[in-house]
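# okay, sequence plus prediction incoming.
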Amino acid sequence: MNHSIRERLQQTLAKGGHWTEFRYHNRRSRIFGVRKGEVDEMSSKHYEGVGIRVLMNGSWGFASTSDLSIEGLEKALADAENLAEALSFRKQHKSQIAESSKLARGDFFIEGYEELFAMPIEEKFDFVRKAEEQLSQEAEKIEAAACRYTEMFEDKIILTSDGADCHIKLARPELRLIAFGADGSLHSKGFESVGGTGNWDCMFRNKPVEKMIEGAASEAVEMLNAPEGDGGKKTVILSPAMVGLLSHEAIGHTVEADFVKSGSVAGEKMDQEVASSLVTLCDSGYSEYTEGAGGELPVDDEGILCQKTPIIKDGKLVSFLHNRETAAEFGVEPTGNARAWVFSDEPLIRMRNTYIEPGNDQLKNMISEIEDGYFIDGPGGGQADATGEFMFGASKVRRIQNGKLSGHVKELTVSGKAFEVLQSVDAVSQDFRWDLGAGYCGKGQPAKVDAGGPYLRCQVLVGGAQT
Amino acid sequence: MMTPKEQTAMLLKNSEIMIDEIKGEGTQSEVCAQHSVDLSVVYEGNDFSVSKSNTTSSYGIRAIVDGKLGFMTSNSSSDQMLREIALETRKLAMLSVSSEHHQIATAMEKHGYSENYDPSTEMLLPSDLYNMLQLMVDEVHKEKNISLDRAEISCSRQYFTLTNSNGFSQQAAASDFSWFAMGMGKTKNEVTSFDYDGGTVRDRSALENEIIQTMERFRQYVGSSLGPRQAKDYKGAILLHPAAVMSILGQTISFNANGKNHLDGISAWNEQMGQQVASETLLVAEDPLDENRPDGWSPFDREGVTTSRHQIIDAGHLNFAAHNCFSAHQAGIQPTGNAAGGATGLPQIGFSNLKISGVEGKALSEELLYQKLGTGLVLKRFSGSCDPISGQFSGVAKNSWWVENGKRSHAVHETMVSGNAFDVLKQILAIGSQLHVNLGGSQAPYILIDGVSVTAG
């Protein structure tokens, strides 16, 4: 099937007179979910189509189709060309694309696809049912539990008129567990999630499911009566998941070249010291340090081989994240960050696996040196903007008093200006963990990403109670 | 080009192929089908960026075999594929476990074809849309200190059908224009937080005026975010902008008026029907039949149940809980027309065109709300998290400003807010009389709430 599609794509591509990109995308996904003993998801999804992008007279046109016949592809190509031509009269600055020595050719199949696909549905569904049952019985104050498993099988062919010609296959499984706590009028929730790229086992690289169940249940119970934390500027230890969120939200977005062009605060900081010298921050298509990161990507959606891109090296800003258009504009190599969610989306600059490299400190020493602060874990949602100001929610927060971890407080939000927070980093642990593999980044379209790092000690603004 | 009725007839024909393929004893089935034709253009990095067209069809089939649930969705429209998908869905259901509550809708009294459609959209040229985008850009750039990160306008024509093995079908056609701008204030020495605004209208004739109004509002908000100063730490009253009302209160109300969350015991309003859950000055309603809000317009829900207007909170008292067929069967009542979603997923529970307002005669002008606040924070955009289960919310006040002695004083930066949504619903001090439309959908006024912690950076 794919072979014949590839031939049809090649045949249609040959008819285009301009720089053209064809992206065939076949996605199969399944979701199994159980909540309070009832099956609420037993779903399968299959979407298949081609997105065609044309650069004509310095202007972009994009059309997509699920009609995979030669006629359907030719019509979509003509639509894209017509739109590009019509828009070219409005464009003030003609777009160009960077030439690259990293055009992908060949097959790029990440291990685990066939194995996960072949694993019986019954086995996966049974796992979900048992996990939900176990979680619901984990503690007396658990009123309800939910477990949801999702798997996505991605199959793409990318062809460009300047020579990219590749076939990519990868699988991404995810697991989510929620415990709902109740005690009289008090309600709470505890949450654990994991996601990766690869086979079934990649979901349990950090901890087995039993530990996830225990974590979700204890969070729900502890949050029922937890006190509020104090607001203000605090010294904190960020967990690998929170470090990942900081790297992604607070830094990663500000260095996306499209955002830089629009006025991001990072735009004027290239080659400057923007962080403590202890900080090296990267975005990578590879799963660095440990296997199975959820944003792993061998080739981006413009057919560029993905790579590791250091963004901050020893505290100095050294690179932005680029697609082929911004790479041409900034006079650099594309970094393999062009990604589209489905065939009907055009590629945008997106992150992959974003992280801070581990350092030399011991976590226990980092905690022991804090007189009054917080240990922050359990990432909730996160956002950042052009100023580099970020916020993210945290649901597993413990006080640190006189060098020791003490009780939990209610969920809270931490905030700060990204580069100021990174300047305040004074310790980086030796550990490393990918810990946001179940997360999605939103920027008009979703994108599957991961993020992580070591434990980090820094200063942030904590949104807590005032008296 | 097919007429809207011909488009929906084609969707129905394909849906019936799928239902016929798996009909038999013990099997109930339902097909939700959608066909959409979209044209859009994007402005990015201070220039026109890309123009896009997309035509797509989706079919979502739900099979319930002896009480066991299976669902499959695909964008294929070939007869053979539709039949294969139907058979696969039944196979998937066979692997599931049975529940008496898995149900499809029974025949409706009112069913058939509905339309909220502007035929002139069929003649729309790409250049017409480019002109409208240019208008957006020109309106924004009347304030020179705004950097427009992204602006987009699209025209969409959508056709929906819902048919099931109980022998009834619903069909609808709708069209809309929607637009969106995101940008920040920028001077030589300063970049502000980004803000966004936009809208949705059905009629092409109304588009230009609506664009001018929303972009003028966007321009004013972003322009006035420049020159932020520090706020002050305090615990007390803050004034919620309508956008923040929806982020904090709207989300909490939607979750806790969800009937399934009541049945599962995870809603704080479980067993509180008829009881006071908010200030007696508060009204909350939904109106899926409001044709002027095309984004949330839906004459029937995701399961084909006919929709109607609902008063969710009446003078502070919980008056309504939303149900789809599953939760209604579990509760032993009729479904309420609140099955949410589209062809790409199973029916969930949700509200359309939510409207939050104050009891008539008790709502105040915005000037009086400022005076009642005295000195404190006006929260425009809430960038944070609000847990609808515990009610805890905490986040950053973006594009927000400080009020001193009842007058706007200055924009604020690095200011955080936290509190509990259930508590503040009961601690509403005053509600504005003027409703604001958020991105063409939900409506809310300014609301003055108490008991919020404000932390200045």
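That came through fine.
# longest single helix anywhere in chain B?
Counting by DSSP state H, the longest helix found in chain B is helix B:204-223.
# for it, name the packing helices and strands.
helix B:126-140, strand B:146-164, strand B:169-185, strand B:195-201 (3 or more Cβ pairs under 8 Å, 6 or more residues apart in numbering or on different chains; DSSP states H and E). Placement of C-beta: from N, CA and C, glycine included.
# and the spatially closest residue to A:Glu122 that is not a sequence neighbour, what is it in contact with?
Ranked by Cβ to Cβ, 6 or more residues apart in numbering or on different chains and with sequence neighbours excluded, the top spatial neighbour of A:Glu122 is B:Leu95, at 5.8 Å. The neighbours of B:Leu95, taking Cβ atoms under 8 Å, 6 or more residues apart in numbering or on different chains as the test, are A:42, A:121-122, A:125, B:68, B:70.
# of those, buried ones?
Judged by neighbour count, with 16 or more other Cβ atoms under 10 Å in any protein chain shown as the criterion, the buried members of the contacts of B:Leu95 are A:42, A:125, B:68, B:70.
# a markdown table please, covering the helices and strands packed on helix B:204-223 and showing mean neighbour count, distance to B:Asn420 and mean pLDDT.
Shown next, in a markdown table, are these (neighbours: other Cβ atoms under 10 Å in any protein chain shown; distance: least, Cβ to Cβ, whole Å; pLDDT from 0 to 100):
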| stretch | mean neighbour count | distance to B:Asn420 | mean pLDDT |
| --- | --- | --- | --- |
| helix B:126-140 | 18 | 37 | 96 |
| strand B:146-164 | 23 | 34 | 95 |
| strand B:169-185 | 24 | 30 | 94 |
| strand B:195-201 | 22 | 27 | 94 |
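# closest to A:Lys130 out of these?
strand B:146-164 (32.5 Å; Cβ to Cβ).
# that closest one versus helix B:126-140: what angle between them?
130 degrees (axes from the mean of the first three to the mean of the last three Cα atoms, to 10 degrees).
# next, the angle strand B:169-185 makes with strand B:146-164.
Computed by the same axes, to 10 degrees, the angle between strand B:146-164 and strand B:169-185 is 170 degrees.
# orientation of strand B:146-164 relative to strand B:195-201 in degrees?
Following the same axes, to 10 degrees, one obtains 40 degrees for the angle between strand B:146-164 and strand B:195-201.
# may I have the strands that pair with strand B:146-164, each with its orientation?
Neighbouring strands of strand B:146-164 in its sheet, by DSSP bridges, are strand B:27-44 (antiparallel), strand B:169-185 (antiparallel).
# and those strands as CSV, adding distance to B:Ala339?
Converted to CSV, the strands paired with strand B:146-164 look like this (distance: least, Cβ to Cβ, whole Å):
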stretch, distance to B:Ala339
strand B:27-44, 10
strand B:169-185, 12
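# related to what we said a few turns ago, quick one: buried residues of the longest helix of chain B?
For helix B:204-223, using 16+ other Cβ under 10 Å, the buried residues are B:204, B:207, B:210-211, B:214-215, B:218-219, B:221-223.
# which single one of the buried ones among the contacts of B:Leu95 is nearest to B:Tyr159?
Each of the buried ones among the contacts of B:Leu95 was scored against B:Tyr159 by Cβ to Cβ, and B:Gly70 proved nearest at 25.4 Å.
# and the residue lying closest to that closest one once chain neighbours are set aside, which helix or strand is it part of?
The shortest distance from B:Gly70 to any residue that is not its chain neighbour, by Cβ to Cβ, 6+ apart, is 2.9 Å, and that residue is B:Ala93. If you go by DSSP states H and E, B:Ala93 is part of helix B:79-94.
# again, but for A:Leu116
Element membership for A:Leu116 (DSSP H and E) is helix A:113-118.
# then B:Pro388?
Under DSSP H and E, no helix or strand contains B:Pro388.
# pull the contacting residues for it.
Shown here is B:Pro388, whose contacts under the criterion Cβ under 8 Å, 6+ apart are B:251-252, B:254-256, B:421.
# what is the neighbour count of A:Ser368?
Close neighbours of A:Ser368, defined as other Cβ atoms under 10 Å in any protein chain shown, add up to 12.
# and what of A:Phe127?
Neighbourhood size, A:Phe127 [other Cβ under 10 Å]: 16.
# contacts only, for it.
With contacts taken as Cβ under 8 Å, 6+ apart, A:Phe127 has the following neighbours: A:149, A:209.
# part of a helix, is it?
Yes. Assigned with DSSP: H, G, I helix; E, B strand; the rest coil, A:Phe127 falls within a helix.
# do you know how far it is from chain B?
Between A:Phe127 and chain B the computed distance is 13 Å (Cβ to the nearest Cβ, to the nearest Å).
# returning to what we had before: for the next helix or strand after the helix holding B:Ala93, name the packing helices and strands.
From helix B:79-94 onward toward the C-terminus, using DSSP H and E, the following helix or strand is strand B:113-116. Using 3+ Cβ pairs under 8 Å, 6+ apart as the contact criterion, the neighbours of strand B:113-116 among helices and strands are helix B:4-21, strand B:169-185.
# quick check: closest non-adjacent residue to A:Asp377.
For A:Asp377, ignoring the flanking residues on the chain, the nearest one in space by Cβ to Cβ, 6+ apart is A:Ser239 at 3.8 Å.
# which residues does the one you found contact?
Residues A:375-378, A:435, A:455 are the ones in contact with A:Ser239 under the rule Cβ under 8 Å, 6+ apart.
# do you know how far it is from chain B?
Applying Cβ to the nearest Cβ to A:Ser239 and chain B gives a distance of 17 Å.
# no further questions, thank you.
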